[in-house]
Every structure is written in structure tokens, then in C-alpha cells.
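Engineer: Build the 3D model from these lines:
(2 chains)
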Amino acid sequence: MSERRALLVRLAPALLLVGLAAAWLLPDPASLRLASTDHAAADGWKAALDALPDEPTVLVGFDPDIGTYPEVRPTVRTALADLLNRNARLVLVSLTPEGRALLVTELARLRRAGANPARLLDLGYLAGSEAALVSIASEPPVPAGSVGEIARRLADEGIGAVDAAVVVGGNDFGPRSWVEQVGPRVEGLPILAIAPTVLLPELQPYVASGQLAALLGTPRDGAAYRSLADLGSLNRLREVSEPPLAALMLGLLIAVAVVGQAWGGRLGAQLRTTGRDGREVG
Amino acid sequence: MNGLFGGATADVVATWVAAIVTLVVLGGLLGERRLFGWSQHLLAGLATGFVALLAIREVIGPRLLDPMMAGGVGRLELWVGLALVGVAAGAPWLPRVVAAVPVSIAIGSLAAFALGGAVIGTVIPQLVATVAVDRATTLDTVTGVAAAGVTGLVLLGFLHGVPRGRPMRAAAGAGRWLLLAGIGGWLGYLLFSRLLLLLDRIGFLLGDWLGLAR
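Structural biologist: As a prediction, the model looks like this:
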């Protein structure tokens, strides 16, 4: 490697950060838009929520991971606000420590923003992953000392008190486990999911088979839902900042260029070797 | 609110701490390895502490000790649970055969539930949805057959040893290429997620910490 190339390689991360920071500061170009023009996923999500009874009780499985949460966070916040705006009672539970840490943050945010605490019941962290889901599928464990209508109904009726499950998934634990463990045990319970794009290949088939009632699995579907969601007086719960499109586009172009350069370099070397071998044989 | 100008003291302190740690991690990208190494130790320590706190405050306390105190002394399963907690905590000083018991129970039950769930919740419903139902359109049928074909080829790609016969070798080779294509697509998704994470951190530094508006 030449000295100039070595210096470039050393400086590349700094240049990337400076370039992305500069692009972040730019206003989003009018020609770029994150929300999908195909609203099918967002419409499916809204239709699944519209199909719920009045003042539904919704079990929220909150297990995103820190590495992918920024991707789904604006959609998650809008979805929670949307549910509260529909007078839903939210029963929140985490099955991973990471999910629990993020849920604590979101609950604190909801409290600070003035969300009605009577509409929220925190079941806390449940250990046991799949085994914990099996227990949720029969009797969601209500913490001792919980008061209020949600806690009473959940203690009396068990999972029968729940009208739908909304699962926020991550790399460790997500909608697939809910579909596998809760779906077969609780007939007729619609499971809706918000997940990062990396989970899309494993979750898409569940939407096609009807095992997932709705899925927001890409940033563009999330953006489409956010643009459609009417949060009424709870609009303050919406995340203010949207992903910076110019910076996103720049980052993707750089990624494509790096992959293309690696492929091009390998292809070029292969062609040179083949040509040299051909000349030697000739 | 941003870390440099105004806001409640706790918020300002939290923003500053988060900004410094973010800068340290980004510094690792630029070659500053020592501080980055310390930040990794800090993360590991905090994560361990958090998990321990979670285990004590949200599992062992409310689901094991509290029920015992509240008159559950006669419940056998609570005593079994308490014994398993004791064995897990004392694992470094106990014979391997004894120390392995709680871990074995955890892994065994997880595997059983996961495997059972995969069959009942995924394999059978997906097979039914893909193959054994009337499809509304020809395209759906073709898609279903193609999915089954790709699945078969990829499974053949996992055959160990030398496959017999040329067609089998070709099918296994095609399966491996399809698998690589799938992994490539998945890496693309992963790259997108990580790019959003990086932009989120940059946005935090510029917006929340420095107070620059977009």
C-alpha cells in the first residue's frame, strides 16, 4: 500500500464523519422523501388498530435492541401515542434487559409528556425468554401492589383481557417469538409488529400468512405511517426530528462506492491475472 | 434543551456524559484506542450491573422472595427456585455437576420451547400458507412454488460431504449461491440500520449537545 493510500485509509473515517455531519445540517432536499408511496403497510397497521374494540387493552412487548432502536424509535413513539389517542390501555412488558432499559426511558418520556398514567401498566422485566412468553400467553403476571382497572382486569381475566399485542422487536428477541409462542396459544389475538429492517426477511412471511396482523418493518413504511397517523392532542408525544435524508443518501452512496470499489478491485485483479496467464500460454 | 445551553441540571449532566462517551467511541473509529477500550470496559461493567439489578429487583425479589414472605413458604416450586438461584450464585465454588444444573434447566427449557414454537408457530403455518391453500392469483402460486424451490435448494446446500451425482452437486451449488445472495441482502439491511444509528449519534451531538438546528 502506498503512503498516500495509507494516509487516505487512516483519514477515511474522519472524512466520513465530517461529511455526514455536514449533510446532517443541510435541509432535506424536496426531491427526497422517506415515506413510501406505497401505503399498504401503513394502511394495514391503521386498519388493524381500527378493528380493535373501543378502549382496547393492548399488550406491548417491548424488546428492541440499542443497535437498531434509532431506526424504529420515531415509529414506536408515534405508535404509542396513536394507541393512547385511541383511548387504549397499554400493558407493557420486556423480555430482554436491553428492551427493559429502553422501555424505562420511554415510560419516563411518556410521564414527562403528561400521558395519563391510569392508561399504562408496567409489568416490568420477565426472565425466561420463550418460557416467559408462554406464561404471558396464559396469565400475564401482574406485579404485586398494582392498582387500577387494567391491573384488576388482567388479574381477573388473564390474557383474555387483552385485545391485541403490539411487539417492538430487536435483534435478540422479537415478533417471531411472539408469533411462535403466543400466536398458537391465544386464538384470535392480533399481533402487530414494529421491527428494524434486518428482521424484515424473517417477518414478511408472517404477514403473508396472516400470523402478523400488521408490520411496520422498514423506515419508509414507518415514515408512511407517521405521516398518516393523526395523534390529536397527543401530537406532543411524536418524535420531532425525522431521519436526515441528505445524510442518509450520502451514507448509502458512500457504502455503495466502497462495496463497488472492493468488487471492482477484485474483478480487475482477476482480469489482469487471466490476461497475463493467457499471454504466457500464447 | 441542549447540553451547552440551559435545561434542568440532571438533563444537562446526562447530555454531557452521553456526548463525551459518544465522542470517545467515535474517537475509536479515528484511532484513539485507549479511551475506546476504557469505554468498552465501562459498558461491560454497566451492563453487568444493570442485569444484576434487574435480576434482583424485578425477578428474584418480586417473583421469588416476596411470595415466600407473603405466606408462600409451603410452595415447593419457590423453594426449588430459591435453591437454583443459590446454586447459580455459588457455581464457582461448587462441583461442576451441581453447578451445571440451573444452566442445564435454563438451556433445556429454552430449547424445548423454541423448538416446539418453531414447529407449531412457523414451520407448519408457513408450509400451509405457502403450499396447501387455494391461491387467489397465478402470481401467488408461482411465488409460493419459487419459495419452496429456493428453500429446497438452500437446504441441499447444507449437505455435508461430496453430494452424489452431477445434478445434486449443481443443486447444492445453486443453494449455496442463493444462501450467499440472502446473506448479502441481509447485510445490506444491517448496513442501513447501522448508518441510521451513526446518524442518530451525529444528530445527538450536533442537535442535542451543540444545539445546532437543521
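Engineer: CA atoms for contacts and neighbours, from now on please.
Structural biologist: Noted.
Engineer: In CSV, list the C-alpha atoms belonging to stretch A:197-211.
Structural biologist: Provided in CSV are the C-alpha atoms of stretch A:197-211 (Å, rounded to 0.1, in the frame of the first residue of the first chain):
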residue,chain,number,x,y,z
THR,A,197,-35.2,-3.7,8.6
VAL,A,198,-32.8,-6.5,9.4
LEU,A,199,-35.8,-8.5,10.7
LEU,A,200,-37.9,-8.0,7.5
PRO,A,201,-36.9,-11.2,5.8
GLU,A,202,-38.0,-13.3,8.7
LEU,A,203,-41.2,-11.4,9.4
GLN,A,204,-42.6,-10.8,5.9
PRO,A,205,-43.8,-14.4,5.6
TYR,A,206,-45.8,-14.0,8.8
VAL,A,207,-47.7,-11.0,7.3
ALA,A,208,-48.4,-13.0,4.2
SER,A,209,-49.7,-16.0,6.2
GLY,A,210,-51.8,-13.7,8.4
GLN,A,211,-49.9,-14.6,11.6
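Engineer: for that stretch, which positions count as buried?
Structural biologist: A:197-200, A:203, A:205-207, A:209, A:211 (16 or more other C-alpha atoms under 10 Å in any protein chain shown).
Engineer: ok, which of those also contact chain B?
Structural biologist: On the criterion C-alpha under 8 Å from any C-alpha of the partner chain, A:197-198, A:205-206, A:209 are the entries of these that sit beside chain B.
Engineer: Which neighbouring elements make contact with the lowest-mean-pLDDT helix or strand in chain A?
Structural biologist: Every helix and strand in chain A was compared by mean pLDDT, DSSP states H and E; the lowest is helix A:245-281, with a mean of 86. Here helix A:245-281 touches helix A:3-25, helix B:166-203, going by 3 or more C-alpha pairs under 8 Å, 6 or more residues apart in numbering or on different chains; DSSP states H and E.
Engineer: Now render those as TSV, adding distance to B:A44.
Structural biologist: As requested, the helices and strands packed on helix A:245-281 are arranged in TSV below (distance: least, C-alpha to C-alpha, whole Å):
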stretch	distance to B:A44
helix A:3-25	25
helix B:166-203	20
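Engineer: Which of the ones you listed sits closest to B:L65?
Structural biologist: For those, distance to B:L65 was read as C-alpha to C-alpha. The smallest value, 39.8 Å, belongs to helix B:166-203.
Engineer: wait, what's in contact with the closest residue to chain A within chain B?
Structural biologist: Residue of chain B nearest chain A, by C-alpha to the nearest C-alpha: B:G121 (3.9 Å). Contacts for B:G121 (C-alpha atoms under 8 Å, 6 or more residues apart in numbering or on different chains) come out as A:179-181, A:183-184.
Engineer: Try it again at 7 Å.
Structural biologist: B:G121 sits next to A:179-181, A:184 when contact means C-alpha atoms under 7 Å, 6 or more residues apart in numbering or on different chains.
Engineer: go on, A:L245?
Structural biologist: Residues near A:L245 by C-alpha under 7 Å, 6+ apart: A:28, A:32.
Engineer: hmm, 8 Å instead?
Structural biologist: Per C-alpha under 8 Å, 6+ apart, neighbours of A:L245: A:28-29, A:32-34.
Engineer: which one among those residues gets closest to chain B?
Structural biologist: Nearest to chain B out of those is A:D28 (C-alpha to the nearest C-alpha; 8.8 Å).
Engineer: The helix or strand hosting B:L127 - what's its average pLDDT?
Structural biologist: B:L127 is part of helix B:124-130, with elements assigned from DSSP states H and E. Regarding helix B:124-130, the rounded mean pLDDT is 82.
Engineer: Stretch A:218-233 too?
Structural biologist: 91.
Engineer: and if you look at stretch A:199-215?
Structural biologist: 92.
Engineer: Next up, the contacts around A:L200.
Structural biologist: A:217-218.
Engineer: what kind of secondary structure is it in?
Structural biologist: Counting by DSSP: H, G, I helix; E, B strand; the rest coil, the backbone at A:L200 sits in helix.
Engineer: For the one residue in chain A that gets nearest to chain B, which non-adjacent residue is spatially closest?
Structural biologist: The nearest approach of chain A to chain B comes at A:E180, 3.9 Å away (C-alpha to the nearest C-alpha). Excluding the flanking residues, the one nearest A:E180 by C-alpha to C-alpha, 6 or more residues apart in numbering or on different chains is B:G121, at 3.9 Å.
Engineer: Check A:P196 too.
Structural biologist: A:G217 (5.6 Å).
Engineer: Nearest residue to the middle of chain B?
Structural biologist: With distances taken as C-alpha atoms, centre = their mean, B:L190 lies nearest the centre of chain B, 13.5 Å away.
Engineer: ok, that one - contacts?
Structural biologist: A:197-198.
Engineer: swap in B:M168?
Structural biologist: Contacts of B:M168 (C-alpha under 8 Å, 6+ apart): none.
Engineer: hmm, back to that, comparing the helices and strands packed on helix A:245-281, which comes out most buried?
Structural biologist: By mean neighbour count, with neighbours taken as mean count of other C-alpha atoms under 10 Å in any protein chain shown, helix B:166-203 ranks first of these at a mean of 17.
Engineer: Report the mean confidence score over that helix.
Structural biologist: pLDDT averaged over helix B:166-203 gives 90.
Engineer: Please give the centre-to-centre distance between it and its chain.
Structural biologist: 18 Å (C-alpha atoms, centre = their mean, to the nearest Å).
Engineer: quick one: that helix to helix A:245-281, angle?
Structural biologist: 140 degrees (axes from the mean of the first three to the mean of the last three C-alpha atoms, to 10 degrees).
Engineer: tilt between helix B:166-203 and helix A:3-25?
Structural biologist: 60 degrees.
Engineer: quick one, phi/psi of A:A115?
Structural biologist: With angles defined as degrees, to the nearest 10, A:A115 sits at phi -70, psi 150.
Engineer: ok now do it, which residues does it touch?
Structural biologist: No contacts exist for A:A115 under C-alpha under 8 Å, 6+ apart.
Engineer: Likewise for A:V179?
Structural biologist: A:191, A:211-212, B:121-122 are the contacts of A:V179 under C-alpha under 8 Å, 6+ apart.
Engineer: Among the residues you listed, which one lies nearest to B:V21?
Structural biologist: Using C-alpha to C-alpha, the contacts of A:V179 come closest to B:V21 at A:I191, 37.3 Å.
Engineer: Help me confirm that the closest one comes into contact with A:A164.
Structural biologist: Yes: here A:I191 reaches A:A164: they are 6.1 Å apart, a contact under C-alpha atoms under 8 Å.
Engineer: more crowded one of those two?
Structural biologist: Between A:I191 and A:A164, counted using other C-alpha atoms under 10 Å in any protein chain shown, A:I191 has the larger neighbour count: 26 against 22.
Engineer: Name the secondary structure element that contains the nearest residue to that one once chain neighbours are set aside.
Structural biologist: Closest residue to A:I191 apart from its sequence neighbours, by C-alpha to C-alpha, 6+ apart: A:A165 at 4.8 Å. Assigned by DSSP H and E, A:A165 belongs to strand A:164-168.
Engineer: List the buried residues in that strand.
Structural biologist: A:164-168.
Engineer: any idea of the mean pLDDT in it?
Structural biologist: 97.
Engineer: Touching that strand from outside, list them.
Structural biologist: Strand A:164-168 is contacted from outside by A:52, A:56-64, A:76, A:174-175, A:178, A:189-195, using C-alpha under 8 Å, 6+ apart.
Engineer: Domain-wise, how is chain A divided?
Structural biologist: What automatic domain parsing lists as the domains of chain A is A:40-237, A:244-282.
Engineer: Mean neighbour count, those domains: which tops it?
Structural biologist: By mean count of other C-alpha under 10 Å, these have domain A:40-237 as the most buried, with a mean of 20.
Engineer: Just checking the distance from that domain to the centre of its chain.
Structural biologist: 11 Å.
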